[in-house]
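**Q** for reference, the sequence and a predicted model appear below.
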Amino acid sequence: QVRLVESGGGLVQPGSSLKLSCVASGSALSAFDMGWFRRAPGKEREFVSAISWSGEGQDSADSVKGRFAISRDNPKNTLYLQMNSLKPEDTGVYYCAAVDPRKGTRWDFASEYDYWGQGTQVTVSS
């Protein structure tokens, strides 16, 4: 069992940056591949980015490539999402999620993830 708590969201102007954090407790973060998802108002939850348990493998949605960067610090049990050049369409609730790497699942399948945080709100508006 692992508990995930996100932080770092807020209200920012277009073009700004934010760094989200996700702290794990109850189990070592290094035991899981990790992902970031978001849910915009009135829309389905969508994949943002994911990283393997070791940090060696990564993937991101086309909509955020070149602007967002996922990273992890396993000794600190913390996952990060650095978001640059934010756009209004990046607005939403951002969730971190953990999945057992032994499943070999596709990272963009939200239903495959085992544990979820409560989310942190990101609002990009002028």
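**A** Arrived safely. Because the structure is predicted, anything quoted here is derived from the model rather than measured.

**Q** so which residue is dead centre in this protein?
**A** The centre of the chain sits closest to Trp36, judged by CA atoms, centre = their mean, with a distance of 2.1 Å.

**Q** quick one: pLDDT of that one?
**A** Listed pLDDT for Trp36 reads 98.

**Q** equivalent analysis for Lys103, please.
**A** For Lys103, the predicted pLDDT is 88.

**Q** Tyr95 too?
**A** For Tyr95, pLDDT reads 98.

**Q** ok, the residue nearest to the centre of the chain to Ala50 distance?
**A** Noted for Trp36: a distance of 7 Å to Ala50, by CB to CB, to the nearest Å. Yep, even glycine has a C-beta here, placed from its N, CA and C like the rest.

**Q** shared neighbours, these two?
**A** Ile70 (CB atoms under 8 Å, 6 or more residues apart in numbering).

**Q** right, and the residue nearest to the centre of the chain touches Gly92 too?
**A** No. Contact criterion CB atoms under 8 Å: Trp36 and Gly92 do not qualify, at 10.9 Å.

**Q** hang on, the earlier thing: quick check: chain neighbours aside, which residue is closest to the residue nearest to the centre of the chain?
**A** Leaving aside its chain neighbours, Trp36 sits nearest to Val48 (4.2 Å; criterion: CB to CB, 6 or more residues apart in numbering).

**Q** over to the one you found. Which of the three states is it?
**A** The local conformation at Val48, judged by DSSP: H, G, I helix; E, B strand; the rest coil, is strand.

**Q** what residues are up against it?
**A** 35-38, 60-61, 64, 68, 81, 94.
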